[in-house]
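Asks: Sequence unavailable; structure follows:
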DNA sequence: TTGTAGGCGTTATCAC
DNA sequence: GTGATAACGCCTACAA
């Protein structure tokens, strides 16, 4: 059982006062080169590590970040969170922060958890995944001066807070371009009902690209809640029109899977999110740069925590198309 | 900006000493009913919450648990972790603990992280997901008296530490029984190469059930690394034998998906893990009770932390068969 | 049953 | 450039 190594142990070993050790740790420039080296050697040989609880008592900062873990989202699209969490944890550790998890049933419950986390553990910041229109959580946090970053932009007022997001429109544009380049002219879009920021953005990318190539998108898009059955339904609907599409761009892998089943291999299909399902069945899909997005979230958050009072920052990342066998 | 509410604030408000407040919190039985109520009212109206950092300084316990987040496991089977993490976080919160995440490249790296987490944040315990034969991590932790529970049993020496696991053999037994009851007699098994605890266990369940029904399993099983292509390969191999199977029990959804593709709808197929992929394509699959497993992990860990020195405990949970369209 | 005193490990302040 | 002192909020003796 190795005894506890505190700043006092190090100080004794290096023949300096505790304060000097603290200075080496927090304000190295104040300490003479020679002393600094001696202290650092002592730290290394003793295996000293800062006690975060004690430091937190003094500084009021915990070096803890929190992120919510969802119960299991909409099955097929859920596993995006895994990769994002890993990226967050990794990037946070590199910056000397740790990531704490919490659960919540809804926004109100989440705010209760904020209160608890803030009061009990003095959390330094939050990463929120996804924001609705007029998200109460972001207002609550901003009101109290709590730092946070969202993964997913606030559609109503983009500069209200810092966020990282993926350029959805660019993703569907890439998908549409790919289909056009492989000879398709009538390309359908299967997305979600109008009104969701993400969904509308994905539809836009398809629509704009069609027009850019002088192709008429009119009548070629359908919207339905996310799901395989819904995707199949939309695809069947489009396939029975007078001039049916020969390919589909879909707003999710779920919808794409449905389209694939409905088309029975006769149509090219591209999904969105590059979920494990896509990889499993060879579905060409738009992939979000999750580790990168996570790292940028941490960057932004830590910038704010370090008190760079630059207002808010926004980061928009480009997705990439993973070409497999369905398009 | 609400000022900081400490034990002193509460004490003043309730007209008692700080110590009495502390007693109400930690040893309520020492405090007279009337005083206790008054203090609790003060706590409620002031919204007081224990400062964990300060408490930790005194008690040496952080009420923090840690679990490793994987980079993204084997695609299709990865998303099991999501649900487990959610269960852990939920159960931990109910017991007054929080869950912290960490990443690691390998076992050695993970042990380095243990050291850091233990020294910097005084973590109370760890949940390890999966153990190899002769897992160095568990020895390291046990040696230092650090509490931990694994999800997945240590195959070489079951009682060496506490664990929670799912009865794999029971899962494949259920799958096999289902196929037999729906009329199949020649049932193949597609699993992993012999040598992995989990894989062998899943093969056992199938084999024992076949024998229990007087069916001969000889020559009906194949083993390959996990993957869709591998599953397809094994299925094709079995289907070209003189007496081919009419159904397959598979050790994973990946293998099952491959088998499904190879059989082209002519064979019944059951997978394992009930991943989103299974749900997406209607694959019948064995489902692990993840939230339950997570809760039991927390129970065990907290029992140990509370110093019930009962040695180690083991929990084996039964999986369930989710019947869909492929069997 | 309640109050008082001290210290957990760190850092900020202020002397030296 | 370095060192002493106090304080962060809490809990555990011990005393009243």
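Replies: Looks like it came in fine. Quick caveat, the model's predicted, so the values are computed rather than measured.
Asks: Just to be sure, residue A:66 is in a helix?
Replies: No - the assignment for residue A:66 by DSSP: H, G, I helix; E, B strand; the rest coil gives strand, which leaves it out of any helix.
Asks: so how many other residues sit close to it?
Replies: By other Cβ atoms under 10 Å in any protein chain shown, 23 other residues sit near residue A:66. Heads up, the C-betas are built off the backbone N, CA and C, glycines and all.
Asks: Give me every residue in chain A lying close to DNA strand D.
Replies: Contact residues, chain A versus DNA strand D (Cβ under 7 Å from any atom of the strand): A:15-20, A:23, A:30-32, A:34-36, A:54, A:57-58.
Asks: Among these, the buried ones, what's the ChimeraX command?
Replies: What follows is the ChimeraX syntax selecting those of the residues of chain A next to DNA strand D that are buried according to 16 or more other Cβ atoms under 10 Å in any protein chain shown:
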select /A:16,20,23,31,35,36
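Asks: what helix or strand does residue A:53 sit in?
Replies: Element membership of residue A:53 [criterion: DSSP states H and E] is helix A:52-59.
Asks: Mind splitting chain A into its structural domains?
Replies: A:7-50, A:64-165+A:290-317, A:168-287 (automatic domain parsing).
Asks: Quick check: which of these is buried the most?
Replies: Using mean count of other Cβ atoms under 10 Å in any protein chain shown, the stretch among the domains of chain A with the largest mean neighbour count is domain A:168-287, at a mean of 21.
Asks: does chain B sit close to that domain?
Replies: Yes - counting by Cβ under 8 Å from any Cβ of the partner chain, chain B is contacted by domain A:168-287 at A:228, A:254, A:257, A:275, A:276, A:277, A:279, A:280, A:281.
Asks: Remind me what the lowest-mean-pLDDT helix or strand in chain A packs against, helices and strands.
Replies: For chain A, using mean pLDDT, DSSP states H and E, the weakest element among its helices and strands is helix A:276-281, scoring a mean of 82. Judged by 3 or more Cβ pairs under 8 Å, 6 or more residues apart in numbering or on different chains; DSSP states H and E, the packing partners of helix A:276-281 are helix A:253-263, helix B:253-263, helix B:276-281.
Asks: Kindly recompute the last result at 6 Å.
Replies: Judged by 3 or more Cβ pairs under 6 Å, 6 or more residues apart in numbering or on different chains; DSSP states H and E, the packing partners of helix A:276-281 are helix B:276-281.
Asks: Show me the shaky parts of chain A.
Replies: A:1-2, A:72-79, A:308-309 (pLDDT under 70).
Asks: And the strands in it?
Replies: A:64-68, A:98-102, A:125-129, A:147-151, A:163-166, A:187-191, A:221-223, A:247-250, A:268-272, A:284-287, A:314-317, A:320-322 (DSSP state E).
Asks: Give me the sheet partners of the fifth one and which way each runs.
Replies: For strand A:163-166, the paired strands and their directions (DSSP bridges) read strand A:147-151 (parallel), strand A:314-317 (parallel).
Asks: Throw the strands of chain A into a markdown table and include distance to DNA strand C, thanks.
Replies: As requested, the strands of chain A are exported to a markdown table (distance: least, Cβ to the nearest atom of the strand, whole Å):
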| stretch | distance to DNA strand C |
| --- | --- |
| strand A:64-68 | 15 |
| strand A:98-102 | 16 |
| strand A:125-129 | 19 |
| strand A:147-151 | 18 |
| strand A:163-166 | 30 |
| strand A:187-191 | 51 |
| strand A:221-223 | 54 |
| strand A:247-250 | 52 |
| strand A:268-272 | 46 |
| strand A:284-287 | 41 |
| strand A:314-317 | 30 |
| strand A:320-322 | 42 |
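Asks: Switch these over to TSV; also include distance to residue B:192.
Replies: Formatted as TSV, those follow (distance: least, Cβ to Cβ, whole Å):
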stretch	distance to residue B:192
strand A:64-68	34
strand A:98-102	31
strand A:125-129	34
strand A:147-151	36
strand A:163-166	36
strand A:187-191	37
strand A:221-223	42
strand A:247-250	34
strand A:268-272	29
strand A:284-287	28
strand A:314-317	37
strand A:320-322	27
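Asks: Between those, which one is closest to residue B:170.
Replies: strand A:98-102 (30.2 Å; Cβ to Cβ).
Asks: same for that closest one, what does it pack against?
Replies: strand A:64-68, helix A:80-94, strand B:98-102.
Asks: Now render these as a markdown table, adding distance to residue B:115.
Replies: Formatted as a markdown table, those follow (distance: least, Cβ to Cβ, whole Å):
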| stretch | distance to residue B:115 |
| --- | --- |
| strand A:64-68 | 19 |
| helix A:80-94 | 14 |
| strand B:98-102 | 12 |
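Asks: If we check chain B, which of the residues of chain A next to DNA strand D are in contact?
Replies: Counting by Cβ under 6 Å from any Cβ of the partner chain, residue A:57 from the residues of chain A next to DNA strand D sit close to chain B.
Asks: Take the residues of chain A next to DNA strand D and keep only those in helices.
Replies: A:18, A:19, A:20, A:23, A:34, A:35, A:36, A:54, A:57, A:58 (DSSP state H).
Asks: List just the nearest of these to residue A:4.
Replies: Distances from residue A:4 to those, taken by Cβ to Cβ, are shortest for residue A:54, at 11.4 Å.
Asks: that older thread, how far does the helix holding residue A:53 sit from the chain's center?
Replies: Distance of helix A:52-59 from the chain centroid (Cα atoms, centre = their mean, to the nearest Å) equals 29 Å.
Asks: I'd say residue A:327 and residue A:286 touch.
Replies: No - in this structure, residue A:327 is not within contact of residue A:286 by Cβ atoms under 6 Å, at 10.9 Å.
Asks: Distance-wise, check the closest residue to residue A:142 other than its chain neighbours relative to residue A:195.
Replies: The shortest distance from residue A:142 to any non-neighbouring residue, by Cβ to Cβ, 6 or more residues apart in numbering or on different chains, is to residue A:161 (6.4 Å). Applying Cβ to Cβ, to the nearest Å, the value for residue A:161 to residue A:195 is 22 Å.
Asks: what do you get for residue A:227?
Replies: 17 Å.
Asks: and stretch A:279-290, how far apart are its ends?
Replies: End-to-end distance for stretch A:279-290: 16 Å, by Cα to Cα, to the nearest Å.
Asks: now do stretch A:43-59
Replies: Terminal-residue distance, stretch A:43-59 (Cα to Cα): 21 Å.
Asks: And DNA strand C, is that stretch touching that?
Replies: Yes - against DNA strand C, stretch A:43-59 shows contacts by Cβ under 7 Å from any atom of the strand at A:48, A:50, A:51, A:54, A:55, A:57, A:58, A:59.
Asks: Quick one: distance of that stretch to the chain centre.
Replies: 31 Å.
Asks: now for the residues of domain A:168-287 next to chain B, which pair is the farthest apart?
Replies: Farthest pair in the residues of domain A:168-287 next to chain B, by Cβ to Cβ: A:228 and A:279, 16.6 Å.
Asks: who are the neighbours in contact with the residue in the stretch 101-250 of chain A that DNA strand C sits nearest to?
Replies: Nearest to DNA strand C, among the residues of the stretch 101-250 of chain A, is residue A:122, at 13.1 Å (Cβ to the nearest atom of the strand). Applying Cβ atoms under 6 Å, 6 or more residues apart in numbering or on different chains to residue A:122 gives the contacts residue A:62.
Asks: and the nearest residue to residue A:88 once chain neighbours are set aside, what does it touch?
Replies: Spatial nearest neighbour of residue A:88, excluding adjacent residues (Cβ to Cβ, 6+ apart): residue A:294 at 4.4 Å. By Cβ under 6 Å, 6+ apart, the contact list for residue A:294 reads A:84, A:87, A:88, A:91.
Asks: cutoff 10 Å now
Replies: Residue A:294 is in contact with A:67, A:83-92, A:99, A:127, A:151, A:164, counting by Cβ atoms under 10 Å, 6 or more residues apart in numbering or on different chains.
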